[in-house]
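Asker: coords below, sequence missing:
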């Protein structure tokens, strides 16, 4: 009733929603961005079928948006994310990038 | 390269991960469970392609687990969730339930 | 070493930080704002020494900021919060409001 | 109406509530604990008046509690936190530790 590629895509979606809603709102500055990138990636890689995660927070965009205290709350506009999900023999690659001013989570490939 | 059913399953996963990691950790008691159930459902129903969400928090389990202050932090062991995702002509039904002591998010049907 | 008014102010701060970082990022629209307001207030009122919480989400500001899907992620710019903390014989009143474009959590009175 | 020590204690509480409710629920394993400890500390140190934060996640407790996938969701029972808040001429030291089976946030000293 549910195929392996469908299940793999479901798993990929879970990881994206988890990453976004766990960490959105975190206070982040250019100096603290590298530790947050790493923690986000390693946290989500713990989840089942999650082969790899990379998180790239845009330090220049943070600096532009920072308030007088030098930081912002993390939202999708400040980061790019890529993930590789492996479920049975299926590999799913996903990405989150800005599109028309909004962060868009998308399936890049199901192989 | 990506089929409509695969995209629908990806969207379903996003909603589940979002719901779980947005609201896990919320202080909840038997008295406050109904307002939290409703807010969780209505929040996630805002997301694209999310036709309906139901959240059922187990008030008896909360009462058993509550500390001296009468509340617990919400985790998957206290709730059952069902969602219906509609993407193009595809309908995906999903559920979160306890299995072997752990909350399991699963695809119930892809139609 | 720590006075009751100081302890009461510490407790007040905990509630504000909890409310903000638990619920920031929640998808919210003018239609779903009332259920979220209520759930936020009732959740934090579970915490010790928290006598009352009111949350007012600005539906007009949500409507102005909403994307094509009709919702935004909750941040401080969309809400006003008031709390009353009671610790021993001390009453602390606090508020979160916008000031110079940023949400500011402040002590209104320690009595 | 509000003294500097009271304001300092309020700020200390905000940081504790923020740290706890931003990061509770994060998937964490013995291997990923160090990156999460660092990210939590650096994130909260961005906030105003927050001079230093240390987070110590108990890897042995994680290993004992981990499910078949090797990880748990972060809660207060797995971590010890210390913070130093500086507001005007006041220094506040705070700690979160387990007490009677529950994580307790407390004021250690107001100086």
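Answerer: Nice, thanks for sending it over. The structure displayed is predicted, hence computed values, not measured ones.

Asker: quick one: residue A:5 from residue B:38, how far?
Answerer: For residue A:5, the distance to residue B:38 under the criterion Cβ to Cβ, to the nearest Å works out to 35 Å. For glycine as for every other residue, the C-beta is placed from the backbone atoms N, C-alpha and C.

Asker: same question for residue A:62.
Answerer: Plainly put, residue A:62 is 35 Å away from residue B:38 if you go by Cβ to Cβ.

Asker: so which of those two has more stuff around it?
Answerer: Comparing residue A:62 with residue B:38 by other Cβ atoms under 10 Å in any protein chain shown, the one with more neighbours is residue A:62, at 21 against 18.

Asker: hang on, that one is in a strand, isn't it?
Answerer: No. Counting by DSSP: H, G, I helix; E, B strand; the rest coil, residue A:62 is not part of a strand but helix.

Asker: correct me if wrong: it contacts residue A:27.
Answerer: No. With contact defined as Cβ atoms under 8 Å, residue A:62 does not reach residue A:27; the gap is 10.7 Å.

Asker: now the common contact residues for these two.
Answerer: By the contact definition Cβ atoms under 8 Å, 6 or more residues apart in numbering or on different chains, residue A:62 and residue A:27 are jointly contacted by A:71-72.

Asker: which residues sit in contact with whatever residue of chain A ends up closest to chain D?
Answerer: Chain A approaches chain D most closely through residue A:39 (3.4 Å), counting by Cβ to the nearest Cβ. Each residue near residue A:39 by Cβ under 8 Å, 6+ apart is listed here: D:32, D:35-36, D:38-40.

Asker: and stretch A:51-71, anywhere near chain B?
Answerer: No. Using Cβ under 8 Å from any Cβ of the partner chain, no contact is recorded between stretch A:51-71 and chain B, whose separation bottoms out at 12.9 Å.

Asker: show residues contacting that stretch.
Answerer: A:15, A:19, A:27-30, A:32-33, A:36-38, A:40-42, A:44-45, A:72, A:74, A:77-86, A:91, C:101-102, D:46-48.

Asker: out of those residues, which sit inside helices?
Answerer: The subset of those located in helices under the criterion DSSP state H comprises A:15, A:19, A:33, A:36-38, A:40-42, A:44-45.

Asker: out of those residues, which are close to chain B?
Answerer: Applying Cβ under 8 Å from any Cβ to those, those adjacent to chain B are A:15, A:19.

Asker: closest to chain B among the ones in helices among the contacts of stretch A:51-71?
Answerer: The closest of the ones in helices among the contacts of stretch A:51-71 to chain B turns out to be residue A:15 (Cβ to the nearest Cβ; 6.5 Å).

Asker: my guess is the closest one contacts residue A:44. True?
Answerer: Yes. With contact defined as Cβ under 8 Å, residue A:15 reaches residue A:44; the gap is 5.4 Å.

Asker: so what sits against both of the two?
Answerer: Shared between the contact lists of residue A:15 and residue A:44 (criterion: Cβ under 8 Å, 6+ apart) are residues A:50, A:53, A:83.

Asker: residues near the first one, how many?
Answerer: Neighbour count for residue A:50, taken as other Cβ under 10 Å: 24.

Asker: same question for the last one.
Answerer: A count of neighbours around residue A:83, defined by other Cβ under 10 Å, yields 25.

Asker: quick check: the gap between it and residue C:81.
Answerer: With distances defined as Cβ to Cβ, the gap from residue A:83 to residue C:81 amounts to 35 Å.

Asker: quick check, pLDDT for residue A:104.
Answerer: Residue A:104 carries a pLDDT value of 91.

Asker: roughly how far is stretch A:94-102 from the heart of the chain?
Answerer: In this view, stretch A:94-102 has its centroid 11 Å away from the chain centroid, taken as Cα atoms, centre = their mean, to the nearest Å.

Asker: I meant stretch A:86-100, not that one.
Answerer: Computed by Cα atoms, centre = their mean, the separation of stretch A:86-100 from the middle of its chain amounts to 10 Å.

Asker: what of stretch A:36-53?
Answerer: 9 Å.

Asker: identify the residues contacting the residue lying closest to residue A:62 once chain neighbours are set aside.
Answerer: Nearest-residue entry for residue A:62: residue A:30, 5.2 Å, with adjacent residues in sequence omitted and distances by Cβ to Cβ, 6 or more residues apart in numbering or on different chains. Listed by Cβ under 8 Å, 6+ apart, the contact partners of residue A:30 are A:59, A:62-63, A:66.

Asker: ok, so of these, who is nearest chain C?
Answerer: Chain C lies nearest to residue A:66 out of those, by Cβ to the nearest Cβ, at 11.2 Å.

Asker: against residue D:18, how distant is residue A:43?
Answerer: 18 Å.

Asker: same deal with residue A:81?
Answerer: When Cβ to Cβ is applied, the distance between residue A:81 and residue D:18 equals 23 Å.

Asker: what are the buried residues along stretch A:32-41?
Answerer: Buried positions in stretch A:32-41, judged by neighbour count with 16 or more other Cβ atoms under 10 Å in any protein chain shown: A:32-33, A:35-41.

Asker: show the pLDDT at the most centrally placed residue in chain A.
Answerer: For chain A, residue A:81 is the residue whose C-alpha lies nearest the centre (Cα atoms, centre = their mean; 3.9 Å). At residue A:81, the model reports a pLDDT of 97.
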